[in-house]
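Peer 1: Provided below for reference: sequence and predicted model.
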Amino acid sequence: MGKENKVAVHLSEEEQVEAIKKWWRENGRSAIIGVVLGIVMVVSWSVWQSNRQSKFVQASDLYQQLLNAQEQKNSESSFKLSERLIDLHEGTIYALYGKFFLAKLYVEKNDLPSAKKVLEEILQSDVDSSYKHIARLRLLRLLAAGEEPEAGLEIIELTDIAGSGKFEAQYEELRGDLYVALGKDGQARAAYQRSEQIGESSPYLQLKIDDLAVPDIPSLSE
């Protein structure tokens, strides 16, 4: 390589170094801050994921304990575990399961007002519509059992049961139960028959229909 070429290369390298130094003077601080922020974000995400997984495991463990307590018919333990699920894991699916269990436990204690309150809380919360239908159907059963058929029928009237899918037949059967409680046998029978047409026929539903069958009126010639 000639002397002139060597000088040109040397100058070119010095220019590159100087350009790097200039860029670093102008942007070095921002680059460092960007790297630090990137590291912080990665670490924060990792910690958040780890905490989330830990809470999920804790909730799952509590739920399994609740199932075991239910299987052993330990009412006191079931109450405590349901309340812990709700208090410690509010906003998760496990807290929702805890509320359903709590309502069931209140019914078993014959504390219908408390059971109704829990189910109404589920209906007012931001959960999937399927869970709301389940809560509403259980609430309707409580209203029928608690001699509040008018309140139950009002809830049904305000519900889009035609758009409830697989729950529609259950709504119609409960409508029939509420009409029976009011002594409106004709309307009850019609609701039961609609339920039978929409859903699957069951011996219990058929028994309800048979109990409301219109008796044959003997003719005058007999």
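Peer 2: Yes, it's here.
Peer 1: C-alpha from now on. contacts and neighbour counts both.
Peer 2: Noted.
Peer 1: middle-most residue in this structure, spatially?
Peer 2: Compute the mean C-alpha point of the chain, and by CA atoms, centre = their mean the closest residue is residue 127, 4.4 Å away.
Peer 1: now the helices for the chain?
Peer 2: Secondary structure of the chain by DSSP state H: the helices cover 3-71, 75-88, 93-108, 112-124, 129-145, 149-157, 168-181, 185-198, 203-211.
Peer 1: just the angle between the fourth one and helix 93-108, please?
Peer 2: Think helix 112-124. Inter-element angle recorded for helix 112-124 and helix 93-108: 150 degrees (by axes from the mean of the first three to the mean of the last three CA atoms, to 10 degrees).
Peer 1: swap in the last one?
Peer 2: Here helix 203-211 runs at 40 degrees with respect to helix 93-108, directions being taken by the same axes, to 10 degrees.
Peer 1: same for helix 203-211, what does it pack against?
Peer 2: The elements that helix 203-211 packs onto, with contact taken as 3 or more CA pairs under 8 Å, 6 or more residues apart in numbering; DSSP states H and E, are helix 185-198.
Peer 1: check the gap between residue 98 and residue 106 for me.
Peer 2: Relative to residue 106, residue 98 is positioned 12 Å away (CA to CA, to the nearest Å).
Peer 1: those two: which has the busier surroundings?
Peer 2: Neighbours per residue (other CA atoms under 10 Å) separate residue 98 from residue 106, with residue 98 holding more: 26 against 18.
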